Each structure stands twice: as C-alpha cells, then as structure tokens.
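Asker: Here is my input, please return the structure:
(one chain, ligands or ions: 1)
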Amino acid sequence: MTKPNMNYANLKDSYLFFGIAQKVKKYSELNPDKKILRLGIGDVSLPLCKTVISALTEGVSDQAEKSSFQGYMPECGAPFLRTTIAEFYRKKGVDISDDEVFVSSGASDELGDILDLFDKENSALVIEPAYPAYVDANVIAGRKIIHLSSSIENGFTPEPDEDHITDIIYICSPNNPTGAVFTKEKLKKWVDFANRHGSVILFDAAYEAFIEQDNIPHSIFEIDGAITCAIEICSLSKTAGFTGTRLGYTVIPKALVRSGMNFNSMWVRNRTTKTNGVSYIIQKGGAAVFTDEGQIEIKENIAYYKGNAKILMRVLDGCGIEYTGGVNAPYIWLKCPKGLGSWEFFDLLLDKIQVVGTPGEGFGKAGEGFFRFSTFGSRENTNEAADRLKHLFKSL
Ligand code: MLT
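Answerer: The predicted model follows:
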C-alpha cells in the first residue's frame, strides 16, 4: 500500500493565510451587510505599472508572429532577464554573474523548491516570528527545526549564538512580519557564523525594495564572505505588484560549495529536470521592471503603500500602541492592546470593526501578543480602517 508523506500529519490544520481567509469568508457569509477591510495577507492593490504592461503586451504580440514566437524558455531563465537582473545587482556594487541568477515563479514557490538542495537530515534555524512557509516546508520534508525567538528587546534581529548551530539558516530582511531590518554589522555576524559552521543562509529579500534608510543592505551579497554561505531569494511580487503575475529570482553564487557539491550546478540540474521555465511573456514584463522608467514607476507605487503605512502609524502613535515596521517594510507589527492574545485581538477587530489583520501567533510562538497589518490596500480602505481602529483603541 502507498505510504503517504506522514509529515503532513505534523502540520497545523491549515496554512496561516488560508485559515484566515476561511474565517473571514464565514464571517462575511453570516454578516453580508458588513464592509470588511482587509489588511491581512500582503497582497498588492495597485495595477502593474505602464512600462510593465507595455512589455507584457509586446510579449503577447511576439507570440502571435512566426518570426518572434517563443516556445519553451530556458529552464534557469531567459538570458535577457538573467543579464538584466545581474546588471541591476552590479550597478549596486554587488558583483554577480548572469549565470548566478535563476528566474523563478516567485519567492514563496522557490523557498519550498530550494530545499531540494539540502539533505533531509539537515536542521533548519528559523528566527521567529517568521513567514510560516519556512517552518511548514521543512515540516513537510521531515527536517528538524530549531526555533530562535526574537523580541522587541533585540529589535527582532537577534544575533547568532553557539547554542543554535544548524545547517540551514533563514534570514528575512526587511522582515516579514516585524518589518525589522538587519544592519550590515548584524548580517556580517550571521555570515561569519554560517561560514564558521558550514551552514547555508537562505536570505529572503522579498521586501528589499521597501528599504529607505541608508546603510541597510538590500542584498546579503553586500556582505563580505556571503558568496560562500548564502542563497538569496527575491521576488517581484511586492517590488512591482507581481503577486498575481508571478515572477521572482534567486541568486546562487558559484562559490557556494559543501562536501564538494556546487549549489549553483545542483540548481541548474534541478531546474532542468523539474521545470520548463517561466513564461516568455511574464519574463518580458519582468525585465521592464529594471528599466529606468520601470524603476521610477514601481517606486511611485511603493511610495503609495508607504503613505498607507504613515496613516496607520499615526493612529498607533496617537493611541500609544507600541509597534515596529512601516518604514523599511510594508508591514506594521504592533503589540496587541490590553494584553490581548493575538487571535483574541483578531476576533475583536473582525467582530467590532470588520478589520482583518494577521495574528502574530501565526508567525510562531514568539509572535503571540502581537498583530500584523499589511499596508498594501487602497488608500480609501486604509483611511477607513485607520478611522475605525482609532475609535476602537479609544474605547478599550
Ligand atoms: C504575507 O502576507 O506574508 C505574504 O503576502 C505572503 C506571501 O508572500 O506569500
């Protein structure tokens, strides 16, 4: 008889955002007259920018002509896009070659797939609170997970310690959910630690485009020594509104070698076996993000979301609620008022003011007592949510 992957029995009942969506759906069916404002999952609300749309349209036209038609794309990414992304890094002073860039269908897909490169016996360090897919993907693979709690006291950017040595280390900066950022100095400590112990850092840079302070690294490869211990996973979802379009990229340096195995070559082998590449049309659109016009336009959209963050932060400041994030990241991470638990606060917000957020406990135990708001909504809804929140906080 077939033996299923029994590790699924070790997962929580449902994936965080799926579970929340079900809860909200049920509420909305029972209360059809209520207007629900969604500040939960980080899904963008602005359309793709003009330059991207023109490139996508051009891609569609190319597929209509025999002379420009494209069939299967190269598994690791279209050369035009790999070159464009590598040049983007090089312009920022990070020296990577075109074939160290792999085009993906998005960071969340890639974060799961990339685990193919690691032995099942490897252990994984997750700094919590953390994006729940890190834990779930490793539970599915049956890997040992070491949870390292972070807190307000260490700015949600803990330093490595010799009691928590693992083979794989997840670092997300700017962080989902806390919005915290690792400085160059802090990241250097993790890079040195990983090199010292032969670990590999999976660096989730999905929110790098939101960094506004100087001296905060956008890429782990800005740190000396990272090319021998890190893989960077990035996405155009939040950078350029590709949540529905799906496109991301991963950088695997050729210098990353363990037990004589080269991770870059292994990933080429993996991709050529497991995928026929990302659609030509989408890659055309993705390349447009890195043009001068594309960069101006995506920055306008990011500025819009940052405007939403300011509206919410003003309410929290006015009501004396402690929070992090909202500056270098599209998430605001707040302490639940009156010592409420994070799911209690979730229910309160849904019942009383129909505002949906994400309970901190969904990001691991260290998130209990905290709550996350996404700033990716429309200005109109953010203003309305801010108003409702202000009244609620004042009434507590
Ligand atoms: C989030 O809300 O944490 C993200 O949007 C989820 C994701 O990127 O998959």
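Asker: which stretches of the stretch 201-350 of the chain form strands?
Answerer: Taking DSSP state E, counting those that start in this stretch as the criterion, the stretch 201-350 of the chain carries its strands at 230-235, 248-251, 257-258, 261-262, 323-325, 331-335.
Asker: Format those as TSV; extra columns: distance to Pro79 and mean pLDDT.
Answerer: Placement of C-beta: from N, CA and C, glycine included. Shown next, in TSV, are the strands of the stretch 201-350 of the chain (distance: least, CB to CB, whole Å; pLDDT from 0 to 100):
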stretch	distance to Pro79	mean pLDDT
strand 230-235	18	98
strand 248-251	13	98
strand 257-258	25	98
strand 261-262	21	98
strand 323-325	37	97
strand 331-335	35	98
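Asker: Would you convert the ones you listed into TSV that also reports distance to Glu75 and mean neighbour count?
Answerer: Output for the strands of the stretch 201-350 of the chain, formatted as TSV (distance: least, CB to CB, whole Å; neighbours: other CB atoms under 10 Å):
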stretch	distance to Glu75	mean neighbour count
strand 230-235	17	26
strand 248-251	13	26
strand 257-258	22	16
strand 261-262	17	13
strand 323-325	37	23
strand 331-335	33	24
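Asker: For the closest residue to the ligand within the chain, list the residues it contacts.
Answerer: Nearest residue of the chain to the ligand, counting by CB to the nearest ligand atom: Gly42, 3.1 Å away. Neighbouring residues of Gly42 by CB atoms under 8 Å, 6 or more residues apart in numbering: Asn176, Lys238, Pro330, Tyr331, Ser374, Phe376.
Asker: Kindly report the same for Thr178.
Answerer: Pro129, Ser150, Phe156, Thr324, Gly325, Ala329, Tyr331, Trp333.
Asker: repeat that for 10 Å
Answerer: By CB atoms under 10 Å, 6 or more residues apart in numbering, the residues touching Thr178 are 127-130, 150-152, 155-157, 172, 323-325, 329, 331-333, 360, 363, 366-367, 370, 372.
Asker: Over to Ala226?
Answerer: 94, 187-188, 190-191, 194-195, 201, 203, 217, 219-220, 232, 251, 253, 255-256.
Asker: Could you measure from it over to Ile252?
Answerer: Applying CB to CB, to the nearest Å, the value for Ala226 to Ile252 is 12 Å.
Asker: Common neighbours of the two, please.
Answerer: Here Ala226 and Ile252 have Glu232 as joint contacts, going by CB under 10 Å, 6+ apart.
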